[in-house]
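**Student:** Please work out how this folds:
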Amino acid sequence: MVGSALSHLECPQCGRRYEADQLQTICPVCDSPLLSRYDLDQLKKTFTPEIASQRQRGMWRWAELLPVREADHRLTLGEGDTPLIPAVHLSADLDLPALWIKDESSNPTGTFKARGLAAAVACALELGVRDFVIPTAGNAGGALAAYAARARVPAHVIMPKDAPQANQVEVKAFGADLILVDGSISDAGKRAADLASEHGWFNVSTFKEPYRVEGKKTMGLELAEEMKWDLPDVIFYPTGGGTGLVGMWKAFSELECLGWIGDRRPRMVSVQAAGCAPIVRAFQTQAERAEIWQNATTLATGLRVPGPYADRLILACLRASNGTALAVTDEEILSAQDEMARREGILAAPEGAACLAGLRRLLKQNWIRRDERVVLFNTGSGLKYLT
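**Tutor:** This is a model prediction of the structure:
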């Protein structure tokens, strides 16, 4: 079985290198996430699109571009290779002939969080971790609980008290320790950090370790393959912590270095909720950092992230791609969710439905041409939000 081409970890702010075969968290100098770097010049001699496409389906067929060294440590519940669905009826409604939905709801635990947590848990286990903690708005906690159960290690999930009941039940069903806190995911994050420090648990909070983003980037690898290595013109992505957005942008860069795609990139669109839109505000004011959003509220719990830790990376992706950021109301999200269900048979999570709401907005503003190819990301199943 092939091994990872992982070379080292790097701070995207200052360029400092960190040892990949030691457990790492963040760059202490820049207070920045660390990113995995691979020996792509060597890898391009042996790794081809044909090799990846002929392997057993799933996230780990991209093993060379993932940070787990040994095949025995590649934890899996069947994540990855989700469908790219032509949105034929919405295309007609919107007069937008080339529209697709990348539907992440078929992942284990029903959301894209499975990709990130599969990679994070697997890599941490390989590096000696045996106890995990995570702050979550809901879905990431369920995913950690599932993969921890699969690996037979303890997991501690810190979740706001008003998180969806389905997420709370899910965490308990997998045997993880569920701790409920008042407030938002930011409050859960503070509690998780305290507990990690107190007990020595490994904190897999968004971007506070280098490995979740690597699992999420496989969405970009798959999308490029599904589109015959010709990337779409526009990608809509619901942005809470922003791991998927940053991960896909990283994937495209790695694919170009391998010679599988050219230098053309999609315009990346970050969609947030009107009740919690720190990235939108920072983008519109041309700020380098996103200020904490006070009194965050939205029915799309995955978008209720008042202070994304990777704000600099998210904003850099949007600006480098000539993309944009916009906020949609909860009413628009509910309308889009109903529309996706009735018109395409996809019961989207509110976060995914926000992308359709954002698309409608930008079409009215003529930001998107009718001849452009557009992909919406539905990050999870709407079934998890039913009450």
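**Student:** Residue ranges in the stretch 201-350 of the chain under the pLDDT threshold?
**Tutor:** By pLDDT under 70, the stretch 201-350 of the chain contains no weakly predicted segment.
**Student:** where along it do the helices fall?
**Tutor:** 212-216, 218-226, 243-258, 278-284, 311-320, 330-344, 350-364 (DSSP state H, counting those that start in this stretch).
**Student:** Which residue, other than its chain neighbours, is closest to residue 57?
**Tutor:** Once flanking residues are discounted, residue 57 sits nearest to residue 81: 4.5 Å by CB to CB, 6 or more residues apart in numbering. In short, each C-beta sits where N, CA and C put it, glycine included.
**Student:** Just say helix, strand or coil for that neighbour.
**Tutor:** Reducing the assignment at residue 81 to three states with DSSP: H, G, I helix; E, B strand; the rest coil gives coil.
**Student:** Need the distance between the two termini of stretch 265-285.
**Tutor:** 24 Å (CA to CA, to the nearest Å).
**Student:** List the buried residues for that stretch?
**Tutor:** In terms of neighbour count (16 or more other CB atoms under 10 Å), stretch 265-285 has its buried residues at 265-280, 282-283.
**Student:** How about stretch 319-335?
**Tutor:** Quick answer for stretch 319-335 (16+ other CB under 10 Å): 321, 323-328, 330, 332-333, 335.
**Student:** just checking, residue 324 touches residue 317?
**Tutor:** No. The criterion here is CB atoms under 8 Å, and residue 324 misses it with residue 317 at 11.4 Å.
**Student:** that older thread, among the buried residues of stretch 265-285, which are located in strands?
**Tutor:** Cross-referencing these against strands under DSSP state E gives 267-273.
**Student:** Closest one to residue 356 out of those, please.
**Tutor:** residue 271 (9.2 Å; CB to CB).
**Student:** ok, what's across the strand from the closest one?
**Tutor:** residue 238, residue 326 (DSSP bridges).
**Student:** so it touches residue 239, yeah?
**Tutor:** Yes. Using CB under 8 Å, residue 271 is in contact with residue 239, at 6.4 Å.
**Student:** shared neighbours of these two, anything?
**Tutor:** Here residue 271 and residue 239 have residue 325 as joint contacts, going by CB atoms under 8 Å, 6 or more residues apart in numbering.
**Student:** Summarise which helices and strands whichever strand or helix holds residue 140 is packed against.
**Tutor:** Assigned by DSSP states H and E, residue 140 falls within helix 139-151. Under the contact criterion of 3 or more CB pairs under 8 Å, 6 or more residues apart in numbering; DSSP states H and E, helix 139-151 touches helix 113-126, strand 132-135, strand 155-160, helix 165-173.
**Student:** could these go into JSON lines alongside mean neighbour count?
**Tutor:** Putting these into JSON lines (neighbours: other CB atoms under 10 Å) gives the following:
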{"stretch": "helix 113-126", "mean neighbour count": "28"}
{"stretch": "strand 132-135", "mean neighbour count": "29"}
{"stretch": "strand 155-160", "mean neighbour count": "26"}
{"stretch": "helix 165-173", "mean neighbour count": "18"}
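**Student:** Could you dump the ones you listed into TSV with mean pLDDT and distance to residue 251 added?
**Tutor:** Formatted as TSV, these follow (pLDDT from 0 to 100; distance: least, CB to CB, whole Å):
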stretch	mean pLDDT	distance to residue 251
helix 113-126	98	12
strand 132-135	97	23
strand 155-160	97	27
helix 165-173	96	27
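**Student:** between the ones you listed, which gets nearest to residue 25?
**Tutor:** Among these, helix 113-126 comes nearest to residue 25, with 10.7 Å by CB to CB.
**Student:** I'd say residue 167 and residue 144 touch.
**Tutor:** No. Contact criterion CB under 8 Å: residue 167 and residue 144 do not qualify, at 11.3 Å.
**Student:** so who does the residue nearest the centre of the chain touch?
**Tutor:** For the chain, the residue sitting closest to the mean C-alpha position, by CA atoms, centre = their mean, is residue 244 at 2.7 Å. By CB under 8 Å, 6+ apart, the residues touching residue 244 are 112, 216, 219, 237, 377, 379.
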